[in-house]
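**Q** Let me see the structure of the following:
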Amino acid sequence: METFFELKKHQTTVRTEALAGITTFMTMAYILAVNPSILAAAGMPQDALFTATALSALVATLVMALFANLPFGLAPGMGLNAFFAFSVVIGMGYSWQTALTAVFIEGLLFILLSLVNLREAIIKSIPINLKRALSVGIGLFIAFIGLQNAGIVVRNEATLVALGDITTGPPLLALIGIIVTGLLLVLRIKGALLFGILATSAVGIPLGVTHLEGFSLVSLPASLKPIFLQFDFSKLLSGELIIVVFTFFLVDIFDTIGTLVGVCTKTGMLTPSGEVPRAKRALLADAIGTTFGAMIGTSTVTTYIESAAGVAEGGRTGLTSLFTAGMFFLALFFSPLFLAVPSAATASILIIVGLFMMTPVKEIDFDDFTEGIPAFLAIIAMPLTYSIANGIIFGIISYTLLKVITGKAREVSIINYFVVAFSLLKFI
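**A** Below you'll find the predicted structure:
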């Protein structure tokens, strides 16, 4: 371990890396309950989704550990899974097999661009304020989905949305879950999100929301057969599907870059020249995870910002990720524990995660209207049109038009014009 992970060089120990890896797992393990719940809305079998979620996280995190030697955990990404289920499948009407195909293609593109170094050009073409707005908009979208899933917000013909009956059942349990999880976060309890889900689920038993009939703690992983290699390439040339692939690709890149740069900056892990160490390998690990995840039946795999918890515990090498991967392996054999969790309990976590993703709003330059207006349109369009893709398109088009009209065309990348062209084709 010392030779492979260079522990002394990074001033860490096996014990420190182990604690860090378990901490990272605890802070991101909520995905084991949330991801199957979200993707099941697309008509996919929930038990197989649990296996796919844990296995994709296991493999992707192993690649990060052994290939990139960095302390980051990976799993199917929040926001991207909601886009998969609620926008692509339910909203656009595509089958989940077609959506998996889009994720698979996105993963292959990510691998290709990681290998030939074109990734940087695409990243640089998107203005920084839109990158920040993307995170914020997805956060609002996730929170809105959580509010809907819990029944806190319901459909209303007169006003489109209204407040549901929050005095009983799932809405009440979700509100309790927000308070419980919020308290754990205030107390800085490691694994607050996971413990919040478990505590809320326990409260749901006397409320009649959590059902434990026939419950068993341990079981063998469910078969992946219903969702393994279930691709449908027949809609590949659809204009909308191209936008879907681009959206998956764009959000995946920004999530990964933001996590790597943000965590490394906070912990002093950047190189003397200000770069993320072994960034190309880290991005390749992310891309491999996405491709593998699509093959076994789950949405885009990405690097988790919750990895910051493990890094804060002292994790500095891939050994941290190795322990995180080991925890996902153990989770494969405890699926009943996670699948018994009611959607109301996971809904409260969706709302909290939405809060986490709001942080970049503080860094958006709203004083420059050529920057602020596109950022605002991107943010507000996502939850109100129930589409991450629409938010990106509104942001890019308005940014490009405002810059050109105000004589700032030089600030617009050539690649942005191609993005605008593809976006206009979608609406046409």
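**Q** Sketch out the helices for the stretch 51-200 of the chain, chain order is fine.
**A** In the stretch 51-200 of the chain, the helices defined using DSSP state H, counting those that start in this stretch lie at 80-82, 96-116, 119-125, 128-150, 169-186, 192-207.
**Q** okay, the ones you listed in TSV with mean neighbour count, mean pLDDT and distance to Glu17 next?
**A** Every residue, glycine included, has its C-beta placed from N, CA and C. As requested, the helices of the stretch 51-200 of the chain are exported to TSV (neighbours: other CB atoms under 10 Å; pLDDT from 0 to 100; distance: least, CB to CB, whole Å):
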stretch	mean neighbour count	mean pLDDT	distance to Glu17
helix 80-82	26	86	28
helix 96-116	21	88	26
helix 119-125	15	61	29
helix 128-150	24	82	29
helix 169-186	20	92	25
helix 192-207	20	86	20
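**Q** Please dump those helices into TSV; it should also carry distance to Ala40 for every row.
**A** Shown next, in TSV, are these (distance: least, CB to CB, whole Å):
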stretch	distance to Ala40
helix 80-82	11
helix 96-116	10
helix 119-125	32
helix 128-150	11
helix 169-186	16
helix 192-207	16
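**Q** Of those helices, give the one that comes closest to Phe5.
**A** Closest to Phe5 of the helices of the stretch 51-200 of the chain, according to CB to CB: helix 96-116, at 22.5 Å.
**Q** so what does the closest one touch, helix or strand wise?
**A** Applying 3 or more CB pairs under 8 Å, 6 or more residues apart in numbering; DSSP states H and E, one finds that helix 96-116 contacts helix 119-125, helix 239-267, helix 279-296.
**Q** Using neighbour counts, pick out the buried residues of the last one.
**A** Looking back up the chat, that one is helix 279-296. Going by neighbour count (16 or more other CB atoms under 10 Å), the buried part of helix 279-296 is 279, 281-296.
**Q** picking up where we left off before, can you say which of the helices of the stretch 51-200 of the chain is nearest to Gln11?
**A** With CB to CB as the measure, helix 192-207 is the member of the helices of the stretch 51-200 of the chain nearest Gln11 (27.5 Å).
**Q** ok and the closest one relative to helix 169-186, angle-wise?
**A** Helix 192-207 and helix 169-186 are oriented at 150 degrees to each other (axes from the mean of the first three to the mean of the last three CA atoms, to 10 degrees).
**Q** what does helix 192-207 contact?
**A** For helix 192-207, the external contacting residues (CB atoms under 8 Å, 6 or more residues apart in numbering) are 26-30, 33, 168-169, 172-174, 176-177, 180-181, 184-185, 189, 210, 212, 306, 340-342, 344-346, 348-349, 352-353.
**Q** any idea which helix or strand of the chain has the worst average confidence?
**A** Lowest mean confidence among the helices and strands of the chain (mean pLDDT, DSSP states H and E): helix 119-125, at a mean of 61.
**Q** State the distance from Ala421 to Pro277.
**A** 37 Å (CB to CB, to the nearest Å).
**Q** quick one: which of these two has more around it?
**A** Pro277 (14 against 9; other CB atoms under 10 Å).
**Q** I'd say the more buried one and Thr317 touch.
**A** No - counting by CB atoms under 8 Å, Pro277 does not reach Thr317; the two are 10.5 Å apart.
**Q** Next, show the common contact partners of the two.
**A** In contact with both Pro277 and Thr317: Leu70, using CB under 8 Å, 6+ apart.
**Q** Run through who's touching stretch 364-373.
**A** Stretch 364-373 has contacts (CB under 8 Å, 6+ apart) with 127, 129, 132-133, 136, 375-376, 398-399, 402-403, 406, 408.
**Q** can I get these in TSV with distance to Val301?
**A** Compiled in TSV, these are given as follows (distance: CB to CB, whole Å):
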residue	distance to Val301
Pro127	26
Asn129	27
Arg132	23
Ala133	23
Val136	22
Ala375	27
Phe376	30
Ser398	31
Tyr399	29
Leu402	35
Lys403	34
Thr406	40
Lys408	37
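**Q** closest to Phe84 among those?
**A** The closest of those to Phe84 turns out to be Val136 (CB to CB; 20.0 Å).
**Q** Can you name the residues that contact that closest one?
**A** 357-358, 360-361, 364, 379.
**Q** The residues you listed: which two are farthest apart?
**A** Across the contacts of Val136, no pair lies farther apart than Met357 and Ile364, at 13.2 Å, counting by CB to CB.
**Q** Of all the helices of the stretch 51-200 of the chain, which one is nearest Arg15?
**A** Closest approach to Arg15 among these (CB to CB): helix 192-207, 21.9 Å.
**Q** Just the CA coordinates for the closest one, please, in PDB.
**A** Presented in PDB, the C-alpha positions along helix 192-207 are these (Å, rounded to 0.1, in the frame of the first residue of the first chain):
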ATOM      1  CA  ALA A 192     -25.800  13.200   8.100                       C
ATOM      2  CA  LEU A 193     -27.700  12.400   4.900                       C
ATOM      3  CA  LEU A 194     -27.600   8.700   5.400                       C
ATOM      4  CA  PHE A 195     -28.500   8.900   9.100                       C
ATOM      5  CA  GLY A 196     -31.300  11.300   8.100                       C
ATOM      6  CA  ILE A 197     -32.800   8.800   5.700                       C
ATOM      7  CA  LEU A 198     -32.600   6.000   8.300                       C
ATOM      8  CA  ALA A 199     -34.000   8.200  11.100                       C
ATOM      9  CA  THR A 200     -36.800   9.400   8.900                       C
ATOM     10  CA  SER A 201     -37.600   5.900   7.800                       C
ATOM     11  CA  ALA A 202     -37.800   4.800  11.500                       C
ATOM     12  CA  VAL A 203     -40.200   7.600  12.200                       C
ATOM     13  CA  GLY A 204     -42.300   6.400   9.200                       C
ATOM     14  CA  ILE A 205     -43.000   3.100  10.900                       C
ATOM     15  CA  PRO A 206     -45.500   4.400  13.500                       C
ATOM     16  CA  LEU A 207     -46.800   6.800  10.900                       C
END
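**Q** when you give positions from now on, start the count at 572
**A** All right, first residue 572 from here; so that's helix 763-778.
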